[in-house]
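In: here are the coordinates; sequence isn't available:
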Ligand SMILES: NC(=O)c1ccc[n+]([C@@H]2O[C@H](COP(=O)([O-])OP(=O)(O)OC[C@H]3O[C@@H](n4cnc5c(N)ncnc54)[C@H](O)[C@@H]3O)[C@@H](O)[C@H]2O)c1
Ligand SMILES: C[N+](C)(C)CC=O
């Protein structure tokens, strides 16, 4: 059992004003691993008030950027120091393998380091003024109080993409963790405190979406809302945020095409088609769940994939031989089961999986077998809906134009991949694919330097890269007339 998890508001570790708590469940065996403070609107308001005061009256927005960068760098160093503890907490909370969580922690430290380095690199810009005897300059300032709302699938990783750039640019913030995975957020706030971030600048509120999350989205003292999560929630937040025209960043879902041409390296494409989906049991926004294969290699590709998928080892994330852990919750397991059942009714063929595993050791967890559905067509809900589980839908194509047309036939536009040894074909396809990220002979790769975000209904704005820090700044033009004199228009 992990100790009771509290919120961090105005530099104090506190329980919910209501004293309510929530049990945090291990998805591997349904055991209660911790209790957490269950905040509501009142706790969110207290945190917003603290963040507002810290922004309007505190020193953080005017602290030299080099100093802010040094503090953000310290957070990175502490994450590296406590990497193993953080990885274990993340796996306990989400069920993913500890090896995956260790990789996440390295990525997270990298994000804090990247934004620590960028903190003092923006000197503004003097622009060429068309007015004689004048100075025209452009500067970037922090936006103000930022509300940040994160999902359960990559709890700390998605938070790092928001926390690090917001702090580096002098904003104050309130982050709301997913109510079911708060453990690494609480730990990283201990590190933020240890690094010397002043009271009120960074606040952590735990609790549900329709209370804490809704308050952050609606409250007019919040200047920006940055959300990562599902499309339905994203639309609600967008609507709520309109109350004071908050700046808005949305990182939403995806139904990501993975296009394999016959001339691709067969072994690599098969191997990566599995990696693209079965990491973290497919609970990845950019999972390559929509496999689109050239007709001439379809049967051979599926035969090979099915024989390998049968060997995927399910189990505890803490067992080194485990390759795939459980889904996050009973609610989510039900959703994935219903999604596959809908596919069956639509006429798909279950090539492998399509049910809960029978292994007695897995019966207490939220496990679902890695699944491949063939004979899928674009109009089916299994092809159009996100699913967010270890399920691949397979479609066929016979021409390059058809491959691109299928890949783009979606309300989503987060990411996609194309496998071919024909460089010109890869370039043509990537140019036409309407997604925020296109991988050529690769899948699911991301790093701090490259922007991440979606076309179409996969979102608004970008995280990571330079664009990820620009989200947290307002641009101001300052014009100075060096020889002012009357205009004389009104006499
Ligand atoms: N684009 C990306 O980079 C990215 C990354 C990770 C996850 N995701 C997406 O996240 C989804 C899975 O995460 P989830 O199930 O936690 O999503 P979700 O939308 O159910 O919840 C996300 C967060 O929003 C909160 N929330 C719920 N209702 C709210 C409301 N009315 N107002 C404000 N906040 C509210 C939740 O409490 C949670 O903290 C998937 O669709 C996945 O694709 C996207
Ligand atoms: C953005 N990513 C790939 C880290 C996690 C998506 O769920």
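Out: Nice, thanks for sending it over. Owing to the predicted nature of the structure, the values given are computational and were not obtained by experimental measurement. Ligands and ions are numbered 1, 2, ... in the order given.

In: centroid-nearest residue for this protein?
Out: Closest residue to the average C-alpha location of the chain: residue 158 at 4.2 Å, with Cα atoms, centre = their mean.

In: buried residues in stretch 124-144?
Out: Along stretch 124-144, the positions that meet the burial threshold by neighbour count (16 or more other Cβ atoms under 10 Å) are 140, 142, 143, 144. Just so you know, the C-beta spots here come from the backbone N, C-alpha and C atoms, and that holds for glycine as well.

In: do stretch 205-220 as well
Out: 205-209, 211-219.

In: for the buried residues of stretch 124-144, work out which two are farthest apart.
Out: Pairwise distances across these (Cβ to Cβ) peak at 13.2 Å, for the pair 140 and 144.

In: residues near the closest residue to residue 144 other than its chain neighbours, how many?
Out: Spatial nearest neighbour of residue 144, chain neighbours left out: residue 223 (3.5 Å); criterion: Cβ to Cβ, 6 or more residues apart in numbering. Other residues within reach of residue 223 by the criterion other Cβ atoms under 10 Å amount to 21.

In: mind checking pLDDT for residue 470?
Out: As summarised for this prediction, residue 470 has a pLDDT of 98.

In: ranges for the helices of the stretch 301-450 of the chain?
Out: In order along the chain, the stretch 301-450 of the chain carries the following helices (DSSP state H, counting those that start in this stretch): 330-346, 381-384, 400-408, 423-432.

In: can you list those in a markdown table and add distance to ligand 1 and mean neighbour count?
Out: As requested, these are arranged in a markdown table below (distance: least, Cβ to the nearest ligand atom, whole Å; neighbours: other Cβ atoms under 10 Å):
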| stretch | distance to ligand 1 | mean neighbour count |
| --- | --- | --- |
| helix 330-346 | 7 | 16 |
| helix 381-384 | 14 | 19 |
| helix 400-408 | 18 | 19 |
| helix 423-432 | 19 | 15 |
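
In: hang on, the earlier thing: could the buried residues of stretch 124-144 be laid out in TSV, adding distance to ligand 1?
Out: Formatted as TSV, the buried residues of stretch 124-144 follow (distance: Cβ to the nearest ligand atom, whole Å):
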residue	distance to ligand 1
140	24
142	23
143	19
144	19
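
In: nearest to ligand 2, out of those residues: which one, please.
Out: For these, the closest approach to ligand 2 (Cβ to the nearest ligand atom) belongs to residue 143, at 22.5 Å.

In: do you know how far the residue in the stretch 151-300 of the chain that ligand 2 sits nearest to is from residue 434?
Out: Across the stretch 151-300 of the chain, no residue is closer to ligand 2 than residue 285, which sits at 3.4 Å (Cβ to the nearest ligand atom). Distance check for residue 285 against residue 434: by Cβ to Cβ, to the nearest Å, it reads 16 Å.

In: looking at the two, which one has more neighbours?
Out: Of the pair residue 285 and residue 434, residue 285 is the one with more neighbours under other Cβ under 10 Å, namely 27 against 16.

In: residues in contact with residue 227?
Out: Under the criterion of Cβ atoms under 8 Å, 6 or more residues apart in numbering, the contact list for residue 227 reads 148, 149, 217, 233, 234, 237, 248, 249, 250, 251.

In: circling back to that earlier point, residue contacts, the residue nearest to the centre of the chain?
Out: Counting by Cβ under 8 Å, 6+ apart, residue 158 touches 150, 151, 228, 251.

In: possible to save the residues you listed as a markdown table with secondary structure, distance to residue 476 and pLDDT?
Out: Formatted as a markdown table, the entries for the contacts of residue 158 read as follows, by DSSP: H, G, I helix; E, B strand; the rest coil; distance: Cβ to Cβ, whole Å; pLDDT from 0 to 100:
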| residue | secondary structure | distance to residue 476 | pLDDT |
| --- | --- | --- | --- |
| 150 | coil | 29 | 98 |
| 151 | coil | 33 | 98 |
| 228 | strand | 28 | 98 |
| 251 | strand | 26 | 98 |
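
In: no further questions, thank you.
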